[in-house]
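S.K.: Generate a structure from the sequence data that follows.
(one chain, ligands or ions: 1)
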Amino acid sequence: MSFPVTRLRRLRKNENLRRMVRETRLSVDSLIYPLFVTFGKGIKDEIGAMPGNYRFSIDMLPHEIKEIKNLGIPAVIVFGIPEEKDEVGSEAYNPDGIVQRAIKEIKSVAHDLIVITDVCIDEYTSHGHCGIVRGEEILNDPTLNLLSKMAVTHAAAGADMIAPSDMMDGRVGAIRGALDEKGFTDIPIMAYSAKYSSAFYGPFREACDSAPKFGDRKSYQMDYGNSDEAIREVALDIEEGADIILVKPAMAYLDIIRRVKDEFNIPIAAYNVSGEYSMVKAAAEKGWIDGEKIMMEILLNMKRAGADLILTYFAKEAAKILTM
Ligand code: PBG
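M.R.: Now for the predicted structure:
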């Protein structure tokens, strides 16, 4: 039936009608808040390009955690900034390292808040790469053991979920095997399966001082011209035991989220990354856009594209609106 019998505008007439037929909703249940934890004491240091986001020393975490919990946000993902970096990222798998200690602190304040940890050594290596380096080469297989060790120390400290973001081949299987061997059979893995080599990570690297000191990450992170390859990455990670699949970045990659959603039957997380956040904040600060409206539009669109979960620096702001 077409016009004039069909008039799609009929159901757009007012907000009550619109909300009755809205297909997608954003809920605080979907939000995961990234937390940056640094060495030192008494530190709550705002990240330059990410206004409203901070690096916290462990003693400053309790207040922040209570706020996150009170907003109804179900989960955080923790990133560590260690005091010492070296060639092999030793602090990443130090049982008493920055993230391992942060997990214990968070759990002591809010035992039911889901603590996810990013597993990747780039924040811990002096060269800033996500793997062991030989010459200009980033070695795959020798890195797997370090990632596995890192994941096990996180689980031992009380982490609820492990999120490998390194993009080494075979890491999900290696980590799954190591976790199982140590008895952590019930700890899920959220795999950054389709993680692209992207300039959108700029502000995050500034926050963690983790930009590679030579070259780039193109030999391990995906080429953004590719979408079929994302499907292969996801298929492999599911085979290796991933429980949740993550696509990153999100805003310019909604087609990838949709393809993964259509081709697989598994929860999907979208990472609304640092550069996406900074762009909105900068334009809003200039008065060029309505930052709050754009935030809600972006987040809902990620859900519509197929994301079940969204990792976002907007989590607290969005939660305030959603739970108001
Ligand atoms: C790697 C990691 C990165 C991000 C999350 N995990 C940086 C990178 O790959 O260089 C980026 C997140 C963001 O930009 O918000 N440990």
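S.K.: CA only for contacts and neighbour counts going forward, please
M.R.: OK.
S.K.: Not counting its own residues, what contacts the helix or strand hosting Ala156?
M.R.: If you go by DSSP states H and E, Ala156 is part of helix 141-157. Applying CA atoms under 8 Å, 6 or more residues apart in numbering, the contact partners of helix 141-157 are 92-95, 99-101, 103-104, 117, 119-121, 131-132, 161-162, 164, 168-171, 174-175, 178-179, 182, 184, 187.
S.K.: ok, which stretches of the protein are helices?
M.R.: With DSSP state H as the criterion, the chain has helices at 15-21, 61-70, 98-109, 141-157, 171-181, 202-208, 228-239, 254-263, 274-285, 291-305, 315-322.
S.K.: Out of those, which is closest to the ligand?
M.R.: helix 274-285 (3.6 Å; CA to the nearest ligand atom).
S.K.: now the closest one: how far from the chain's centre is it?
M.R.: 17 Å (CA atoms, centre = their mean, to the nearest Å).
S.K.: which outside residues touch stretch 108-117?
M.R.: 62, 65-66, 69, 74-79, 99, 103, 106-107, 154, 159-163.
S.K.: For stretch 26-44, C-alpha coordinates in CSV please.
M.R.: C-alpha atoms of stretch 26-44 as CSV (Å, rounded to 0.1, in the frame of the first residue of the first chain):
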residue,chain,number,x,y,z
LEU,A,26,19.6,2.9,25.2
SER,A,27,19.9,1.7,28.7
VAL,A,28,22.5,2.1,31.4
ASP,A,29,22.7,-1.7,31.4
SER,A,30,24.7,-1.5,28.2
LEU,A,31,27.4,0.9,29.4
ILE,A,32,31.0,0.1,30.4
TYR,A,33,33.1,2.9,31.8
PRO,A,34,36.9,3.0,31.1
LEU,A,35,39.1,3.8,34.1
PHE,A,36,42.7,4.9,34.0
VAL,A,37,44.8,4.0,37.0
THR,A,38,48.2,5.4,37.6
PHE,A,39,51.0,5.0,40.2
GLY,A,40,51.5,7.6,42.9
LYS,A,41,49.2,9.0,45.6
GLY,A,42,46.5,11.6,45.7
ILE,A,43,46.3,11.8,42.0
LYS,A,44,43.2,12.8,40.0
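S.K.: Enumerate the residues of this structure near the ligand.
M.R.: Residues of the chain lying close to the ligand (CA under 6 Å from any ligand atom) are 120, 122, 165, 200-201, 204, 273-274.
S.K.: ok, so of those residues, who is nearest Asp86?
M.R.: Closest to Asp86 out of the residues of the chain next to the ligand is Asp122 (10.2 Å), distances taken as CA to CA.
S.K.: pLDDT wise, what is the closest one at?
M.R.: In this prediction, Asp122 carries a pLDDT score of 96.
S.K.: and if you look at the one 10 residues further on?
M.R.: Per-residue confidence at Ile132 stands at 95 (pLDDT).
S.K.: Likewise for Asp209?
M.R.: 89.
S.K.: got a list of what it touches?
M.R.: Listed by CA under 8 Å, 6+ apart, the contact set of Asp209 reads Glu123.
S.K.: Next: Asp118.
M.R.: So Asp118 contacts 77-79, 162-165 (CA under 8 Å, 6+ apart).
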